[in-house]
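[1] Predicted structure and sequence below. I'll ask about it afterward.
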Amino acid sequence: MSAFSEAALERKLSELSNSQQSVQTLSLWLIHHRKHSGLIVTVWERELRKAKPNRKLTFLYLANDVIQNSKRKGPEFTKDFAPVIVEAFKHVSSESDESCKKHLGRVLSIWEERAVYENDVLEQLRQALYGDRKARKRTFEQIKVDENNCSAQSSPSDPPQTTDLIRALQELENAASGDAAVHQRIASLPVEVQDVSLLDRITDKESGEQLSKMVDDACMVLADYNGRLAAEIDDRKQLTRMLSDFLRCQKEVLAEKEHKLEAAVTPA
């Protein structure tokens with residue numbers, strides 16, 4: 001891991017791309033330097049506001065990755081992001097199109113499901129993203145459209161859209177359990193960090209420091225992988241619920257159409 005400095009952080013943020021690998025790599029670096037979390041969040045917010053509109057969402061993806069994967073090491077980032085995250089949501093939402101806002105909604109949904117923040121913060125985030133739209137009454141025409149798509153009166157929750165299902169499935173294509181590169185990296189860890197009997201080989205301070213560095217590097221790799229696996233488990237649980245709701249909705253639609261067909265062919 002390279003040394004931390006404000007200049008180094010600014011450079012890495014300027015090089016951040018929307019790819020999963022770019023976000024996770026920088027997230028891991030930030031978590032490694034979590035003792036600077038206060039400064040990291042300050043620089044993150046400053047660079048977020050300076051970023052071009054098409055890059056702002058990536059900054060929130062980064063914050064999401066850091067907040068979730070750092071919780072096992074300590075609460076620093078969760079606490080330091082809390083005072084700025086609502087205004088960051090407002091800022092990104094105000095400069096985003098509807099597609100981007102849907103992605104923001106996905107991040108917020110994950111935080112709600114995993115109770116990342118207290119309810120008051122989550123409510124402020126919902127307000128920042130949706131305003132009063134969620135409380136606004138739907139028109140009769142909108143209700144009829146919903147009823148035509150799925151029998152909402154008999155369903156406990158709104159079914160997911162097909163595009164949401166496809167996106168969730170695509171996201172799992174790059175999940176940790178299928179990351180062959182990381183599997184190979186873990187399998188290739190030095191034998192010195194796997195076999196405690198080799199501690200006898202330490203004969204001086206230099207060899208001890210060298211082994212300590214290897215162990216620290218190995219721990220970072222494993223901690224990152226474990227964090228990604230935990231996130232993948234949550235994503236798979238969410239996908240299971242989405243598929244269950246979608247299947248229930250389709251069964252209701254099928255039953256309704258079969259009923260209409262039967263009524264149409266039955267003689268009066």
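    That came in fine, so what should we check first?

[2] Just give the number of residues close to S244.
    S244 has 13 neighbouring residues, counting by other Cβ atoms under 10 Å. For every residue, glycine as well, the C-beta is placed using N, CA and C.

[3] could you give the mean pLDDT of the helix or strand encompassing it?
    For S244, the element it lies in under DSSP states H and E is helix 205-265. Helix 205-265 comes out with an average pLDDT of 79.

[4] Tell me the secondary structure at N18.
    What DSSP: H, G, I helix; E, B strand; the rest coil gives for N18 is coil.

[5] on that earlier part again, packing partners for the helix holding S244?
    In terms of contacts (3 or more Cβ pairs under 8 Å, 6 or more residues apart in numbering; DSSP states H and E), helix 205-265 is packed against helix 20-32, helix 53-70, helix 98-113, helix 162-173, helix 180-187.

[6] Please identify the most buried of those.
    helix 53-70 (a mean of 20; mean count of other Cβ atoms under 10 Å).

[7] for that one, packing partners?
    Partner elements for helix 53-70 (3+ Cβ pairs under 8 Å, 6+ apart): helix 20-32, helix 37-50, helix 76-94, helix 98-113, helix 205-265.

[8] low-confidence ranges in the protein?
    By pLDDT under 70, the weakly predicted segments of the chain are 1-2, 132-159, 220, 223-224, 227, 268.

[9] Try it again at 50.
    133-156 (pLDDT under 50).

[10] Any idea which of the helices and strands packed on helix 53-70 gets closest to A128?
    helix 76-94 (4.2 Å; Cβ to Cβ).

[11] Name all residues that make contact with I67.
    F77, T78, F81, V116 (Cβ atoms under 8 Å, 6 or more residues apart in numbering).

[12] would you list those residues in TSV and tack on distance to L239 and neighbour count?
    Below are those laid out as TSV (distance: Cβ to Cβ, whole Å; neighbours: other Cβ atoms under 10 Å):
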residue	distance to L239	neighbour count
F77	26	25
T78	25	17
F81	26	24
V116	19	21
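
[13] can you redo the helices and strands packed on helix 205-265 as a markdown table with distance to D204?
    Output for those, formatted as a markdown table (distance: least, Cβ to Cβ, whole Å):
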| stretch | distance to D204 |
| --- | --- |
| helix 20-32 | 27 |
| helix 53-70 | 35 |
| helix 98-113 | 48 |
| helix 162-173 | 48 |
| helix 180-187 | 29 |
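
[14] Tell me which of these lies nearest to R46.
    Here helix 53-70 is closest among these (Cβ to Cβ), at 10.6 Å.

[15] can I get the CA coordinates of the closest one in CSV?
    What follows is helix 53-70 as a C-alpha-only set of coordinates in CSV (Å, rounded to 0.1, in the frame of the first residue of the first chain):
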residue,chain,number,x,y,z
PRO,A,53,-21.7,15.4,-13.4
ASN,A,54,-21.0,12.1,-15.1
ARG,A,55,-18.4,11.2,-12.4
LYS,A,56,-20.3,12.2,-9.3
LEU,A,57,-22.2,8.9,-8.9
THR,A,58,-18.9,7.1,-8.8
PHE,A,59,-17.9,9.1,-5.8
LEU,A,60,-21.0,7.8,-4.0
TYR,A,61,-20.3,4.3,-5.1
LEU,A,62,-16.8,4.7,-3.5
ALA,A,63,-18.3,6.0,-0.3
ASN,A,64,-20.8,3.1,-0.2
ASP,A,65,-17.9,0.6,-0.6
VAL,A,66,-15.8,2.2,2.0
ILE,A,67,-18.6,2.6,4.6
GLN,A,68,-19.8,-1.0,4.2
ASN,A,69,-16.4,-2.8,4.0
SER,A,70,-14.8,-0.7,6.8
